[in-house]
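> How does the following fold in three dimensions:
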Amino acid sequence: MTSNNSAVHKAVIPVAGLGTRFLPVTKAMPKEMLPVVDKPAIQYVVEEAVNVGLNDVLMITGRNKRALEDHFDRVPALEATLAEKGDTSKLQSVQSTSNLGDIHYVRQGDPKGLGHAVLRAKQHVGYEPFAVLLGDDLIDARDELLSTMIEVQAKTGGSVVALIEVEPEQISSYGCADIIHNGEDGYVRIKELVEKPAPEDAPSNLALIGRYVLHPAVFDVLEKTEPGRGGEIQLTDALQVLAAGQGEGYGVYGVIFRGRRYDTGDKLSYLKACVELACDSEDLGPGLRAWLPGFAASLDK
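So this is what the prediction gives:
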């Protein structure tokens, strides 16, 4: 089968994880619904996709994720109440959430890892390139990343991953890219991907983060990928095959992102993300920025 070389229209967002690092709050609430200032984390991710034209969104869900579907659904009774009160600001906020895009849901079933979650999107995506966005990484809406990755995918015909530079001692927490500088502006070619290497063994300080634009050839590779680290089907293993191979859809490229990224994958980073984004907001920012210096100074007393 040959690709139709179509533009990217679809986004896949895996949301089946249990969120154990945030227990006990995630015992009854999906981690993706944790608020970041005044919106759940998942809304930032969906808005990022929609803002670059990916209006067809597929969430790969699991058990106890019904709140995600409810959040993006219409609530006629709430809308009617807000309309009667004349609260147009809140009404527009509620309605805009329901009208973000065409959102679909598929259950992952067995929790077999990120690669398996992406494979569950095969029927919906078809044979065209698509984006994968992970909810632990929030990308500031003022910085371009996904649109650049889509352009690189169209130019190269392969798959594209997002990379950031980290301190060498931090690389063991990430997948790491061994790159070939191919002379092209804006992206690099990836020779090899190494999952969570020791700092002394890492081929670079370039770490993978949760944004991908994938050629549909990845589905055929994932179907043949055996469980790896943690007994799960790893997307990184499939990308390694694509990076090393030849033919249509093969080749993996990286876009190095130097913009604002907020890591909500652990408690401390989540709190930092909330503070940083609140400081940047028009309504909360002035008051919070005025309060923070005095609060910080009081900690030293």
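
> Now do the phi/psi pair for Leu206.
Backbone torsions of Leu206, given as degrees, to the nearest 10, read phi -90, psi 120.

> Can you get me a residue count around it?
Counted with other Cβ atoms under 10 Å, the burial measure for Leu206 works out to 22 neighbours. No exception for glycine: its C-beta is placed from N, CA and C like everyone else's.

> With Glu47 instead?
Close neighbours of Glu47, defined as other Cβ under 10 Å, add up to 15.

> how close does it get to Pro199?
Relative to Pro199, Glu47 is positioned 35 Å away (Cβ to Cβ, to the nearest Å).

> now Ser173
When Ser173 is compared with Pro199 (using Cβ to Cβ), they lie 10 Å apart.

> could you pull out the helices for the protein?
When secondary structure is read from DSSP state H, the chain shows helices at 41-51, 66-71, 76-85, 88-98, 114-119, 122-125, 146-156, 217-224, 235-244, 267-280, 285-298.

> Which of those helices has the highest mean neighbour count?
The highest average neighbour count among these, using mean count of other Cβ atoms under 10 Å, belongs to helix 114-119 at a mean of 24.

> helices or strands next to it in the packing?
Other elements packing on helix 114-119 under the criterion 3 or more Cβ pairs under 8 Å, 6 or more residues apart in numbering; DSSP states H and E are strand 10-14, helix 217-224, helix 235-244.

> I'd like the average pLDDT over the second one.
Confidence over helix 217-224 (mean pLDDT, whole number) is 94.

> Dump that helix to CSV, restricted to CA.
In CSV, the C-alpha atoms belonging to helix 217-224 read as follows (Å, rounded to 0.1, in the frame of the first residue of the first chain):
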residue,chain,number,x,y,z
ALA,A,217,4.2,2.7,8.2
VAL,A,218,4.6,2.7,12.0
PHE,A,219,1.5,0.6,12.3
ASP,A,220,3.0,-2.3,10.4
VAL,A,221,6.1,-2.1,12.5
LEU,A,222,4.1,-1.9,15.8
GLU,A,223,2.2,-5.1,14.8
LYS,A,224,5.5,-6.9,14.7
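
> Quick one: residues contacting the spatially closest residue to Asn51 that is not a sequence neighbour.
Ranked by Cβ to Cβ, 6 or more residues apart in numbering and with sequence neighbours excluded, the top spatial neighbour of Asn51 is Ala141, at 6.8 Å. Ala141 makes contact with 44, 47-48, 51, according to Cβ atoms under 8 Å, 6 or more residues apart in numbering.

> Output the below-cut-off pLDDT ranges for the stretch 151-300 of the chain.
The stretch 151-300 of the chain contains residues with pLDDT under 70 at 182-184.

> try it again with 90
Per-residue confidence of the stretch 151-300 of the chain (counting by pLDDT under 90) places the weak regions at 165, 168-176, 179-186, 193-205, 225-234, 244-249, 263-266, 300.

> these two touch, right, Ala7 and Ala154?
Yes. Distance between Ala7 and Ala154: 6.9 Å, which falls inside the contact criterion (Cβ atoms under 8 Å).

> Give me the common contacts of these two.
Among the neighbours of Ala7, those also in contact with Ala154 (Cβ under 8 Å, 6+ apart) are Pro129.

> With distance to Ala11 added, can I get the helices of the chain in a markdown table?
Rendered in a markdown table, the data for the helices of the chain read as follows (distance: least, Cβ to Cβ, whole Å):
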| stretch | distance to Ala11 |
| --- | --- |
| helix 41-51 | 4 |
| helix 66-71 | 14 |
| helix 76-85 | 26 |
| helix 88-98 | 16 |
| helix 114-119 | 12 |
| helix 122-125 | 10 |
| helix 146-156 | 9 |
| helix 217-224 | 15 |
| helix 235-244 | 15 |
| helix 267-280 | 21 |
| helix 285-298 | 29 |
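
> Indicate which one of those helices is closest to Asp178.
Distances from Asp178 to each of the helices of the chain were compared using Cβ to Cβ; the shortest belongs to helix 235-244, at 9.2 Å.

> got the angle for that closest one vs strand 10-14?
140 degrees (axes from the mean of the first three to the mean of the last three Cα atoms, to 10 degrees).

> can you dump the C-alpha coordinates of helix 235-244 into CSV?
Output of helix 235-244 as CSV, limited to C-alpha atoms (Å, rounded to 0.1, in the frame of the first residue of the first chain):
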residue,chain,number,x,y,z
LEU,A,235,6.7,3.2,20.5
THR,A,236,10.5,3.9,20.8
ASP,A,237,11.3,0.4,19.6
ALA,A,238,9.1,0.8,16.5
LEU,A,239,10.7,4.2,15.8
GLN,A,240,14.1,2.6,16.0
VAL,A,241,13.1,0.1,13.3
LEU,A,242,11.9,3.0,11.1
ALA,A,243,15.1,5.0,11.8
ALA,A,244,17.3,2.1,10.7
